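J.: sequence unknown, structure follows:
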C-alpha cells in the first residue's frame with residue numbers, strides 16, 4: 001500500500017442548520033481552479049437522505065451514509081466508504097459533509113487510523129457556526145465545543161440575522177475557543193473557495209490536528225442524551241397556509257426540519273432552522289418528504305401537526 005496515491009479530505013462540520021449543505025453547494029458551483037476531481041460523502045443522522053439529493057447533479061461522484069453518525073455508530077461504514085471512493089473514483093479531493101450532531105474529533109480518528117490513513121490525508125476541516133444560534137451553545141457543552149476546537153477555519157454564518165456588535169462578540173469567543181482557527185464572517189456561506197481550500201503546508205500537518213483532537217476529545221455522543229431523528233412522508237398535498245402556521249408554531253427544541261413539500265400545484269424545498277424557515281420552489285415533482293432532528297421533542301405531536309396540514313384529494317400521486 002506504500003505506493004498508493006493519497007486523496008485529500010476536506011471535512012465540513014457544524015451544528016444542525018448552520019449551513020453545511022449551502023457551503024458545499026457554493027463550493028461545487030464555484031469555478032475552483034487547480035482542485036482536480038472531486039468526490040463527496042454525505043452523512044445524515046436520519047434514515048431519509050435529503051442533503052444528498054440537494055447536492056446531486058453537481059458533476060461529482062457522491063455516496064450517502066444514512067441512519068447513523070459516522071463519528072460513532074457508522075464509523076466502520078465511513079472507513080469503508082473512503083476506501084471505496086479512493087479505489088473506484090480516485091478523486092483529488094474528497095469532501096465529507098458530517099451530520100449536525102457529529103464529533104469531528106472522532107471523524108479525525110478514523111482518518112488517522114489504518115487502513116484509512118494509507119490512502120487519505122486531511123487537507124482541511126471547516127466548521128460552520130450559526131451566528132443566530134450561538135447563544136444556545138452552552139446547552140450542548142463539549143459536543144458543540146468540539147466542532148469549533150477541531151476546525152482550521154470557522155465560518156460564522158448568518159451574520160445578517162444579528163447585530164454587528166454581536167458578530168464581534170461571537171468572533172472574539174470563537175477565537176478564544178480556537179486561537180489557531182481562521183474565522184470568516186459570512187452570509188449564506190458566500191466565501192471565496194480559495195480562502196478555505198488553500199492552506200499552507202505548516203497548517204496542514206497532521207500532528208497539529210492530532211494535538212487538537214487529543215486535547216479536546218470527548219467521546220460522549222449527543223444522540224445518547226435526548227437527540228432524536230424522525231421523518232414524515234405523504235402523497236397528499238400540503239395546504240401552504242396551514243404549513244406556514246405549523247412551522248411558526250414549532251417548539252425551540254426542534255432544531256431542523258428539511259425536505260420537500262408537495263402543494264396542489266407545485267413542489268418546494270422546505271427548510272426550518274432555529275425558528276426561521278424558507279419555502280423555495282423545486283422544479284421536479286416530488287411527494288412530501290421531511291426529515292427532522294430535535295432534542296427531547298414530542299415526536300407524536302409534531303407528526304400530528306404535519307398531518308393536519310394535508311389536503312385530502314382523491315387522486316394523490
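T.: Thanks, I have it. Predicted model, so just to flag it, every value in this text is computed and none were measured.
J.: from here on, just use CA atoms for contacts and neighbour counts.
T.: Will do.
J.: which stretches of the protein form strands?
T.: 7-14, 38-43, 61-65, 93-97, 120-130, 153-157, 182-185, 227-234, 254-263, 266-273, 276-282, 288-295 (DSSP state E).
J.: and those strands, which one averages the lowest pLDDT?
T.: The weakest mean pLDDT among the strands of the chain belongs to strand 61-65, with a mean of 69.
J.: columns distance to residue 241 and mean neighbour count on top of the strands of the chain, output as JSON lines?
T.: Formatted as JSON lines, the strands of the chain follow (distance: least, CA to CA, whole Å; neighbours: other CA atoms under 10 Å):
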{"stretch": "strand 7-14", "distance to residue 241": "31", "mean neighbour count": "24"}
{"stretch": "strand 38-43", "distance to residue 241": "32", "mean neighbour count": "22"}
{"stretch": "strand 61-65", "distance to residue 241": "33", "mean neighbour count": "19"}
{"stretch": "strand 93-97", "distance to residue 241": "33", "mean neighbour count": "24"}
{"stretch": "strand 120-130", "distance to residue 241": "27", "mean neighbour count": "25"}
{"stretch": "strand 153-157", "distance to residue 241": "29", "mean neighbour count": "26"}
{"stretch": "strand 182-185", "distance to residue 241": "34", "mean neighbour count": "18"}
{"stretch": "strand 227-234", "distance to residue 241": "17", "mean neighbour count": "18"}
{"stretch": "strand 254-263", "distance to residue 241": "11", "mean neighbour count": "24"}
{"stretch": "strand 266-273", "distance to residue 241": "14", "mean neighbour count": "20"}
{"stretch": "strand 276-282", "distance to residue 241": "12", "mean neighbour count": "14"}
{"stretch": "strand 288-295", "distance to residue 241": "16", "mean neighbour count": "21"}
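J.: pipe the ones you listed into TSV and attach distance to residue 81 per row.
T.: Shown next, in TSV, are those (distance: least, CA to CA, whole Å):
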stretch	distance to residue 81
strand 7-14	13
strand 38-43	8
strand 61-65	8
strand 93-97	11
strand 120-130	12
strand 153-157	25
strand 182-185	29
strand 227-234	23
strand 254-263	24
strand 266-273	28
strand 276-282	30
strand 288-295	23
